[in-house]
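In: Task: produce atomic coordinates for the following.
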Amino acid sequence: MLPGKPEVLPGKPARRRNRVSITLHFTPGVDDDLIAMLEQIPTGRRMSVVKKALRGILGGNPALVDESPSMTEINGKLDWLQNALTDLPGYLERVIGQVARSGPSEPQAVETVAPDVLAERAAKLKQRKW
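Out: Prediction:
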């Protein structure tokens, strides 16, 4: 269809398209914020509010622009993740090699508890009611 020319359908008289209509579907539980907002708008004013919101997006109003990441950003992050996962085996080999080369560490001293202290602790635990 050419701009300014009426749309001609086979077997139908020529007609002009004077308006564009859209239908929005809102899902309770997912779109509760939007449903609540639209329910607060008086009947007959909803269309003007939706149009203002859309014009705000066109005007670059950051409060109305969807802040979800673009596909370019998502692909960049996926590339980074793929590279990190590809490098992971080599990194783990280097870490394990360093630990193996450093040798065994000195054992830590463990405090021993005298048998009479252990018996006293056990008696106190028996008196406790959990």
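
In: would you list every one of the helices in this structure?
Out: Using DSSP state H, the helices of the chain run over 32-40, 46-58, 71-102, 115-127.

In: Tabulate the ones you listed (CSV), appending distance to H25 and mean neighbour count.
Out: Every residue, glycine included, has its C-beta placed from N, CA and C. CSV is the format used below for the helices of the chain (distance: least, C-beta to C-beta, whole Å; neighbours: other C-beta atoms under 10 Å):
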stretch, distance to H25, mean neighbour count
helix 32-40, 11, 11
helix 46-58, 14, 12
helix 71-102, 24, 10
helix 115-127, 63, 9
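
In: Which of the ones you listed sits closest to S21?
Out: helix 46-58 (10.6 Å; C-beta to C-beta).

In: centre of the chain versus that closest one, how much separation?
Out: Mean-position distance between helix 46-58 and its chain equals 26 Å (C-alpha atoms, centre = their mean, to the nearest Å).

In: just stretch 44-58 next, same as before
Out: That offset, for stretch 44-58, works out to 27 Å (C-alpha atoms, centre = their mean).
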